[in-house]
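Enquirer: Build me a structure from this.
(one chain, ligands or ions: 2)
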Amino acid sequence: MTTAPILSVIDALPLPVLMIGPDERVRAANALVDAVLGGELVGKHYITALRQPAVIAAIAEVRAGEVLRVTQYTDRDGPKDTLYRVSVAAADGDIVLTFEDQTAAEEAGQMRRDFVANVSHELRTPLTALLGFIETLSGAAKDDPAARDRFLGIMAHEANRMRRLVDDLMSLSRVEEDERVRPREQVDLGGLLVSVIKGLEPQAKAAGLTVSLDLVSSNETVPGDAGQLVQVFTNLIENAIKYGASGGAVAVHLMPRAMHQRLRGEAVEVRVADKGDGIPEHHIARLTERFYRVDNHRSREVGGTGLGLAIVKHIINRHRGRLLIASEEGQGTTVSVFLPTAPPVS
Ligand SMILES: Nc1ncnc2c1ncn2[C@@H]1O[C@H](COP(=O)(O)OP(=O)(O)OP(=O)(O)O)[C@@H](O)[C@H]1O
Ligand SMILES: [Mg+2]
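Expert: Numbers count the residues shown, from 1 in each chain. Ligands and ions are numbered 1, 2, ... in the order given. Just a heads-up that it's a prediction; the model follows:
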């Protein structure tokens, strides 16, 4: 092939591609590779065009008879380094270099490492407490029934926390797994909210508040997964009880269906409002991250794992809905869930 058809072929590829001729000079380069290495590459010697020793060494190996070499190239221009995986392949006397951006894979790897670190840390705290009490109970407090009872109480509390964390982790992975499967049941939202609130009554009572339900729109059904929607509203109302208790009342509203611009169709809104301390603005966007808590200590005290809203977010995504958190410090928090009333188009 002459250079012109080669150029049109590599220009059509979605990756940065560079071709080096037998004369060691760049024979063709597509627009994407210009963006990585700078323009005007054609005709340059490959050492001048590429400059990074690892890539130059790989090219030398392929010139010496290797069929394929894979190496890395770091683009240091721009606000952040971009790491490319570069394959250097022999192609009928020429050498073809293909660049693949590794940033997304790197970030995914980083997220996975952070997640494992977080899980380990969250499990280690109650575990350390348990081990400490076991030691005390088998030593110093062996013959002290009063201390034993107290310690067993704390141990049960810590063990429960571990169980909740493991349950939440499993729930999160299940929810992530079927995020792409559209829910197909028809769910009666009013009935569902009544039963969720009933289930949380003891907790509300213990916190000294009442949860009111206002079915502005009764008899509202949406396509959904009932079990998962129970999880969503349980967490939101439980959060309002746990973190908004100072306000004394939690109000749940089921609003009539209305057009929702972002969802491009009709949606039903469920609003959970408390009059508690509220959430400082800069935390709000991060609340749905796994393990994110505004006040770690306080949340742990009330038994929170920080996974609740991450699970909620995944479930709402599966339902093609939206989650909106509005809060004002000292005034309270209102969380709205919008669920489309028509089945999602697959
Ligand atoms: N209604 C609210 N008022 C004030 N802060 C809230 C409210 N809802 C959530 N938060 C804050 O957001 C954090 C994250 O909530 P999330 O439901 O994800 O976790 P959690 O309740 O701590 O744990 P889990 O839900 O797993 O038991 C909470 O720790 C709390 O700091
Ligand atoms: Mg929660």
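Enquirer: ok, Lys80 - how many residues close by?
Expert: For Lys80, the neighbour count with other C-beta atoms under 10 Å is 9. To be clear about C-beta, it is placed using only N, CA and C from the backbone, and glycine gets the same treatment.
Enquirer: again with Ala326
Expert: Using other C-beta under 10 Å, Ala326 has 15 other residues around it.
Enquirer: got a pLDDT number for it?
Expert: Predicted confidence (pLDDT) at Ala326: the value is 96.
Enquirer: what are the ranges of the strands in the stretch 1-150 of the chain?
Expert: Using DSSP state E, counting those that start in this stretch, the strands found in the stretch 1-150 of the chain span residues 17-20, 26-29, 68-75, 82-91, 94-101.
Enquirer: Tabulate those (a markdown table), appending mean pLDDT.
Expert: As requested, those are exported to a markdown table (pLDDT from 0 to 100):
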| stretch | mean pLDDT |
| --- | --- |
| strand 17-20 | 95 |
| strand 26-29 | 94 |
| strand 68-75 | 94 |
| strand 82-91 | 94 |
| strand 94-101 | 95 |
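Enquirer: would a markdown table of those with distance to Gly227 be doable?
Expert: Output for the strands of the stretch 1-150 of the chain, formatted as a markdown table (distance: least, C-beta to C-beta, whole Å):
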| stretch | distance to Gly227 |
| --- | --- |
| strand 17-20 | 49 |
| strand 26-29 | 55 |
| strand 68-75 | 46 |
| strand 82-91 | 42 |
| strand 94-101 | 39 |
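Enquirer: can you put these in a markdown table and add mean neighbour count and distance to Val175?
Expert: Formatted as a markdown table, the strands of the stretch 1-150 of the chain follow (neighbours: other C-beta atoms under 10 Å; distance: least, C-beta to C-beta, whole Å):
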| stretch | mean neighbour count | distance to Val175 |
| --- | --- | --- |
| strand 17-20 | 24 | 40 |
| strand 26-29 | 23 | 45 |
| strand 68-75 | 16 | 35 |
| strand 82-91 | 17 | 31 |
| strand 94-101 | 20 | 29 |
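Enquirer: Dump the ones you listed into JSON lines; add distance to ligand 2 as well.
Expert: Converted to JSON lines, the strands of the stretch 1-150 of the chain look like this (distance: least, C-beta to the ion, whole Å):
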{"stretch": "strand 17-20", "distance to ligand 2": "49"}
{"stretch": "strand 26-29", "distance to ligand 2": "53"}
{"stretch": "strand 68-75", "distance to ligand 2": "41"}
{"stretch": "strand 82-91", "distance to ligand 2": "37"}
{"stretch": "strand 94-101", "distance to ligand 2": "36"}
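Enquirer: Which other helices and strands does the lowest-mean-pLDDT helix or strand in the chain contact?
Expert: Each helix and strand of the chain was given a mean pLDDT (mean pLDDT, DSSP states H and E); the minimum falls on helix 296-301 at a mean of 72. With contacts defined as 3 or more C-beta pairs under 8 Å, 6 or more residues apart in numbering; DSSP states H and E, helix 296-301 has these neighbours: helix 226-243.
Enquirer: and the longest helix anywhere in the chain, what does it pack onto?
Expert: Scanning the chain for the helix with the most residues, using DSSP state H, yields helix 103-138. Counting contacts by 3+ C-beta pairs under 8 Å, 6+ apart, helix 103-138 packs against strand 82-91, helix 145-177.
Enquirer: Can you tell me which of those is most buried?
Expert: The highest mean neighbour count among the helices and strands packed on helix 103-138, using mean count of other C-beta atoms under 10 Å, belongs to strand 82-91: a mean of 17.
Enquirer: Show me what from the stretch 201-346 of the chain comes close to ligand 1.
Expert: By the rule C-beta under 6 Å from any ligand atom, the part of the stretch 201-346 of the chain lying against ligand 1 is 235, 239-240, 243-244, 274, 276, 279, 287, 292-295, 299, 304-309, 333.
Enquirer: how about stretch 320-327 as PDB, C-alpha atoms only?
Expert: The C-alpha coordinates for stretch 320-327 follow below in PDB (Å, rounded to 0.1, in the frame of the first residue of the first chain):
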ATOM      1  CA  ARG A 320     -33.900   4.600  35.600                       C
ATOM      2  CA  GLY A 321     -35.000   7.000  38.200                       C
ATOM      3  CA  ARG A 322     -33.300   9.900  40.000                       C
ATOM      4  CA  LEU A 323     -32.200  10.700  43.500                       C
ATOM      5  CA  LEU A 324     -32.100  14.200  44.800                       C
ATOM      6  CA  ILE A 325     -30.700  15.300  48.200                       C
ATOM      7  CA  ALA A 326     -31.500  18.800  49.400                       C
ATOM      8  CA  SER A 327     -30.300  19.900  52.800                       C
END
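Enquirer: buried ones in that stretch?
Expert: By neighbour count with 16 or more other C-beta atoms under 10 Å, stretch 320-327 contains the buried residues Arg320, Gly321, Arg322, Leu323, Ile325, Ser327.
Enquirer: That stretch close to ligand 2?
Expert: No: no part of stretch 320-327 sits close enough to ligand 2 to count as contact by C-beta under 5 Å from the ion; the gap is at least 12.3 Å.
Enquirer: just use 25 as the starting number from now, easier for me
Expert: With the count now opening at 25, the last piece we talked about shows up as stretch 344-351.
Enquirer: Identify the residues contacting that stretch?
Expert: Residues outside stretch 344-351 that contact it (C-beta atoms under 8 Å, 6 or more residues apart in numbering): 206, 284, 286-287, 291, 302-303, 305, 308, 311-312, 336-337, 340, 357-364, 368.
Enquirer: Same check on stretch 207-219?
Expert: 237, 239, 241-250, 252-254, 257, 276, 278, 292, 294, 342-343, 363, 367.
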